[in-house]
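# Fold the following and give me the result.
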Amino acid sequence: MDFRIRPIRPEDDATMAAVIRTVMPEFGATGDGFAINDPEVDWLSKAYAEPRCAYFVVERDGVVMGGGGIAPLVGGEDDVCELRKMYFLPALRGVGAGAAMMAQCLDAARAIGFRRCYLETLRGMDAAMRLYERTGFQRLPGPMGATGHGGCNAFYLLPLSPA
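Residues are numbered from 1 along each chain as shown. Got it, this is the predicted structure:
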């Protein structure tokens, strides 16, 4: 494994904002209804320092090339978290970083006490959807909560075993 996952730090904010704003257009995720326009993209370290939140970055050769996190599902039940803003630059894809990040996020969710993990994505993000399904996420017919990401069109939920 030639990458390292660690908690986000304030000095990572600009790099992660650039990663997210680079990756999302690859999949047509521009305009209203997508996380690319979410103001927290510019200050992830502060947003995920809130209670019951966690965000991690992936470094390869000392360079932050991706990240992902969990937070309570806005407008959802108290025991549901959302896997959020998990994006990787192309150079980090296919090396196991996605599976490792998923494990890190789900471990953090369990440790916080969440019992279910929800996520929203886009059809066309095929590799990501395969990862979600391999991890055990089940496809839902529609969205949960009130994420504000109306541009997403694929929804998943995973029951979490206790930590």
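# Mind checking the pLDDT average for the longest helix along the chain?
In the chain, with assignment by DSSP state H, the single longest helix is helix 97-112. Across helix 97-112, pLDDT averages out at 96.
# do the same with stretch 121-138
pLDDT averaged over stretch 121-138 gives 86.
# need the strands for the chain, in chain order.
Using DSSP state E, the strands of the chain run over 4-7, 54-60, 63-72, 80-88, 116-121, 138-140, 154-159.
# list the helices and strands the first one packs on?
The reference is to strand 4-7. If you count contacts as 3 or more Cβ pairs under 8 Å, 6 or more residues apart in numbering; DSSP states H and E, strand 4-7 packs onto strand 54-60, helix 97-112. No exception for glycine: its C-beta is placed from N, CA and C like everyone else's.
# mind giving me CSV with the ones you listed and columns for mean neighbour count?
Output for these, formatted as CSV (neighbours: other Cβ atoms under 10 Å):
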stretch, mean neighbour count
strand 54-60, 22
helix 97-112, 19
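# Please convert these to TSV, extending it with distance to M125.
Converted to TSV, the helices and strands packed on strand 4-7 look like this (distance: least, Cβ to Cβ, whole Å):
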stretch	distance to M125
strand 54-60	17
helix 97-112	11
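# Looking at these, spot the one closest to M129.
helix 97-112 (11.1 Å; Cβ to Cβ).
# any idea how far the closest one is from the chain center?
Mean-position distance between helix 97-112 and its chain equals 10 Å (Cα atoms, centre = their mean, to the nearest Å).
# How about residues contacting that helix?
By Cβ atoms under 8 Å, 6 or more residues apart in numbering, the list of residues contacting helix 97-112 from outside reads 1, 3, 5, 52, 54, 56, 58, 60, 65-70, 81, 83, 86, 88, 117, 127-128, 131-132, 134-135, 158, 160-163.
# tell me the angle of it relative to strand 116-121?
140 degrees (axes from the mean of the first three to the mean of the last three Cα atoms, to 10 degrees).
# Determine the angle, from 0 to 180 degrees, between helix 97-112 and strand 154-159.
Going by the same axes, to 10 degrees, helix 97-112 makes 50 degrees with strand 154-159.
# can you offset everything so residue one is 122?
Fine by me, first position is 122 from now on; the one you just mentioned is helix 218-233.
# and the direction of helix 218-233 versus that of strand 201-209, what angle?
Going by the same axes, to 10 degrees, helix 218-233 makes 150 degrees with strand 201-209.
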